[in-house]
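Peer 1: have a look at this prediction, sequence included:
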Amino acid sequence: MADTVLSKFAIGSLALKSAIQMEHLRRQERANLSPIRLLADALDETTLERSDGSEAYGLRVGFVEPYAKVYISSGKTASSEGDLQTFIDGAVGKLRRVAEEDVDPGHEGLSEMVKLCLFLHEEFTQYPVERGRDGRSDDSLEAETCLR
Amino acid sequence: MVDQTTVSKLRLAYARRRIDAFLAQIDQLRASSFPHKDFELALDGLEEFARNEAANLELPPNFDEEVIDKACFQIMEVVERHTHFLGFILRSTNVRNAFELHDPLRALIRKVIGDQARVLISAEWNFIPFTYPRNIDSLPNFVLIGTPATDAGNMLVAPLAGHEIGHSIWTRHDFAEDLEQRIRKETSQVLEADEARTRRLLDEFGMNDLGISIVQDTCAKRALRQLEEIASDLLGLQIFGASYLYAYEYLLAPSGYPQDLNYPSERKRLHILQEQSEALGIEVDGEVYERWKEKPVDSRRRDMFSVVNEIVDACMMPLRAKLTKTTTELSLDAPTDEDIAPVLSAFEKGVPYNGKASLGAIATAGWNYTRKRSGLAGDDEEKERRLVNDLMLKTIEVNEYNSRIANA
């Protein structure tokens, strides 16, 4: 059975929960790290395996544009899909480190990760503005589907 | 100067009230009389989901403002996305629904997606059958099937549930994951084959490597959607036989809607269904395939439509292979003439069929009866319309009774 990618809404929800928990960490309050681990796993599922350990092989269908928007929101300029995959792989690694309590609460990277999670939440959770004539949204993984 | 902590406190309070109101509606719905346990389980699932989301609001008002705003926004999304599920559940209790269909449809769905499957059927105020087949985060094991309220209780539209079940099979049996690499490869080849067209598409997205990736991804995403629709049609045909096509014609012919990138054109869908019917030896009246209309594609979107169309064509062979493998594994067999004939014969005598019959055989017999009589639309034919519908429903009940006795 192939790996199943979570719905975009589910990824957005995990991103919000992760942002909340990392903000608790930043404030040196008690935090639940499991949403952060789950988010790392979910983001990892959206990238395809690297073909030879170094070459970027791409992202799952439907994730290039949303990740490009998140990347740009982070103040960076992407020029290829490989940039986006590297960006997501990097985020997965950082999230895993946080989930393993390997990051100091005062670490400035933590605040960046909170921002990244909020961008992910915005990109994946916001109700699509454009809807088809059948009311079907463009939110691919949990869209209503109908006969036409 | 406005105190932002006060703003946060109020926003969190309002979000809390919104989600509490949603939860209160769930409580009120529990007082309804439900025809099946699946409906109560759906409410349990929604409640658990909503409470989990509500936990995001347990924040002190001096927390990061941006995080608080997003948490409040999330609650709006949750309520907006799920309120119509509550309406669906409420309407599912209405007596206009064909409750007789629930058990056989659930048995069919369990066969194809597993014993954990739950089914909700409701008459909807939309003239389209629809479902939420992909894993809804709040109700991951549920298949929701809606029929237009105007045709609620009309057994002749029941075969269209086959299309919705097809979406569930697509998800549960990893069709997208298995086809994804091939789609990516075909997308690259299709875009490389016509440089001028690709350049025009790139003008929309930017000319750098990322622009190409976005064009590829957008085309691949649409192609994947269209392949899902085609697979769902073919699975509907496999489950319900010719009755799937007759119900499709009843609800959609002659069409004429603008084309949509998420769907193959009507003519293409019908052509693929015709090919598959012939390949499976399903006998279908030829009139079904005639005079389907479609509006020409808007000139601004012509390039995207043609690219997606070509990718879909290139992926039909692996799609068919995946369908054959899946339907064989699931032992999904279209009803044969031998299955249909005794049911039709009973209907002709004005009695329900008391032998074993699949939903597909019952629906096809009902359609054959109706089509032989030119659609039974006359004012003086209302009694006969009701009779054939009752015969179909009673045959389903008899089958259900026999099956329970056999398993007792």
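Peer 2: Structure received.
Peer 1: can you get me a residue count around B:D20?
Peer 2: 12 (other Cβ atoms under 10 Å in any protein chain shown). C-betas here are computed from N, CA, C, even on glycine.
Peer 1: next, the contact list for it, please.
Peer 2: B:A54 (Cβ atoms under 8 Å, 6 or more residues apart in numbering or on different chains).
Peer 1: try B:Y289
Peer 2: Residues in contact with B:Y289 (Cβ under 8 Å, 6+ apart) are B:L270, B:H271, B:Q274.
Peer 1: kindly export the helix or strand containing the first one (C-alpha atoms) in PDB.
Peer 2: Looking back up the chat, that one is B:L270. For B:L270, the element it lies in under DSSP states H and E is helix B:266-280. This file holds the C-alpha atoms of helix B:266-280, laid out as PDB (Å, rounded to 0.1, in the frame of the first residue of the first chain):
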ATOM      1  CA  GLU B 266     -19.500  14.500 -21.300                       C
ATOM      2  CA  ARG B 267     -18.800  13.000 -24.700                       C
ATOM      3  CA  LYS B 268     -15.500  11.600 -23.600                       C
ATOM      4  CA  ARG B 269     -17.000  10.100 -20.500                       C
ATOM      5  CA  LEU B 270     -19.800   8.500 -22.500                       C
ATOM      6  CA  HIS B 271     -17.200   7.200 -25.100                       C
ATOM      7  CA  ILE B 272     -15.100   5.600 -22.400                       C
ATOM      8  CA  LEU B 273     -18.200   4.100 -20.700                       C
ATOM      9  CA  GLN B 274     -19.300   2.700 -24.100                       C
ATOM     10  CA  GLU B 275     -15.900   1.100 -24.700                       C
ATOM     11  CA  GLN B 276     -15.900  -0.400 -21.300                       C
ATOM     12  CA  SER B 277     -19.500  -1.700 -21.600                       C
ATOM     13  CA  GLU B 278     -18.500  -3.400 -24.900                       C
ATOM     14  CA  ALA B 279     -15.300  -4.800 -23.300                       C
ATOM     15  CA  LEU B 280     -17.300  -6.200 -20.400                       C
END
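Peer 1: after it, which helix or strand is next?
Peer 2: For helix B:266-280, the succeeding helix or strand toward the C-terminus, using DSSP H and E, is helix B:302-329.
Peer 1: how far out from the middle of the chain is the helix or strand following that next one?
Peer 2: Of the helices and strands lying after helix B:302-329 in sequence (DSSP H and E), the nearest is helix B:337-348. Offset of helix B:337-348 from its chain centre (Cα atoms, centre = their mean, to the nearest Å): 29 Å.
Peer 1: the next helix or strand after helix B:337-348 vs helix B:337-348, what angle?
Peer 2: Remark: after helix B:337-348, the chain's next helix or strand is helix B:359-372, criterion DSSP H and E. Between helix B:359-372 and helix B:337-348, the angle comes out at 60 degrees (axes from the mean of the first three to the mean of the last three Cα atoms, to 10 degrees).
Peer 1: just for the chain, where's the confidence low?
Peer 2: No chain was given, so I picked chain A. Scanning chain A for pLDDT under 70 picks out A:1-4, A:50-57, A:127-148.
Peer 1: actually it's chain B I care about, not the one you picked
Peer 2: Residues of chain B meeting the criterion pLDDT under 70: B:129-135, B:207.
Peer 1: what are the structural domain limits within it?
Peer 2: Per the record, chain B has its domains at B:1-92, B:94-172, B:173-329, B:337-401, by automatic domain parsing.
Peer 1: please identify the deepest-packed of these.
Peer 2: Of all those, domain B:94-172 carries the top mean neighbour count, a mean of 21, counting by mean count of other Cβ atoms under 10 Å in any protein chain shown.
Peer 1: for that domain, what is the spacing between the initial and final residues?
Peer 2: 30 Å (Cα to Cα, to the nearest Å).
Peer 1: how many neighbouring residues does the residue lying closest to A:L33 once chain neighbours are set aside have?
Peer 2: Beyond its immediate neighbours in the sequence, the residue positioned closest to A:L33 (Cβ to Cβ, 6 or more residues apart in numbering or on different chains) is A:A99, lying 4.8 Å away. A:A99: 21 surrounding residues under other Cβ under 10 Å.
Peer 1: so A:A99 sits right up against A:D41, yeah?
Peer 2: No - counting by Cβ atoms under 8 Å, A:D41 is not a contact partner of A:A99; they are 9.7 Å apart.
Peer 1: list the contacts of B:A314.
Peer 2: Neighbouring residues of B:A314 by Cβ under 8 Å, 6+ apart: B:E186, B:Q189, B:V190.
Peer 1: need those residues in a markdown table (columns: distance to chain A and secondary structure).
Peer 2: Shown next, in a markdown table, are these (distance: Cβ to the nearest Cβ, whole Å; DSSP: H, G, I helix; E, B strand; the rest coil):
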| residue | distance to chain A | secondary structure |
| --- | --- | --- |
| B:E186 | 12 | helix |
| B:Q189 | 15 | helix |
| B:V190 | 14 | helix |
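Peer 1: between those residues, which sits nearest B:I282?
Peer 2: B:E186 (28.8 Å; Cβ to Cβ).
Peer 1: tell me the phi and psi of B:A123?
Peer 2: phi -90, psi 120 (degrees, to the nearest 10).
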